[in-house]
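# Provided below are the primary sequence and the corresponding predicted coordinates.
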Amino acid sequence: MAGTDPRRQVGADGEAAVARWYEARGYEVLDRNWRVREGELDLVVRLAGTVVFCEVKTRRSDRFGLPVEAVTVRKQQRLRLLAARWLDMRHVGHRALRFDVASVVPDGRGAWTVTVLEHAF
């Protein structure tokens with residue numbers, strides 16, 4: 001698509017790859033790129049009563065460190081706040097919450113390698 005920011009496209013492709021990863025494992029995608037004034041939740045999924053908030057970090061390489069290393073304590077605090085807002089607004093039934101972080105990097109063959117760190121924080 002003409003005019004598309006390549007960094008945004010990489011991020012969108014990475015998020016799509018992570019959504020497929022969860023779906024292949026039986027998760028239901030509840031939201032993608034949910035935004036409010038305070039920020040954005042990349043991916044919200046559910047499996048058997050557990051709602052999972054997944055922060056997706058996509059990089060073209062791991063030259064500057066693993067993508068998961070970009071999720072700082074401050075970012076974790078913001079994600080918890082956003083998750084609480086999402087739960088208040090969506091009224092989704094759940095028994096448990098989980099925060100995952102997904103690292104996405106090219107696999108060298110035109111696809112993505114997805115690594116999900118469950119219970120990341």
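Thanks, I have it. Just so it is clear, the model here is predicted, and its values are computed rather than measured. Residues are numbered from 1 along each chain as shown.

# Tell me which other helices or strands the helix or strand where residue 20 lies touches.
Here residue 20 is covered by helix 6-24, with elements defined by DSSP states H and E. Secondary structure elements in contact with helix 6-24, counted by 3 or more CB pairs under 8 Å, 6 or more residues apart in numbering; DSSP states H and E, are strand 28-36, strand 39-47, strand 50-58, strand 96-106, strand 112-117. All C-beta spots, glycine's among them, are computed from the backbone N, C-alpha and C.

# Report the buried residues of that helix.
10, 11, 12, 14, 15, 16, 17, 18, 19, 21, 22 (16 or more other CB atoms under 10 Å).

# what distance separates it from the centre of its chain?
For helix 6-24, the separation from the chain centroid amounts to 9 Å (computed by CA atoms, centre = their mean, to the nearest Å).

# now that helix against strand 39-47, angle please.
20 degrees (axes from the mean of the first three to the mean of the last three CA atoms, to 10 degrees).

# outside of the lowest-mean-pLDDT helix or strand in the chain, which residues touch it?
Across the helices and strands of the chain, the lowest-confidence element by mean pLDDT, DSSP states H and E is helix 6-24, at a mean of 88. Under the contact criterion CB atoms under 8 Å, 6 or more residues apart in numbering, helix 6-24 has outside partners 29, 32-33, 42-43, 45, 52, 54, 56-60, 102, 104, 111-112, 114, 116.
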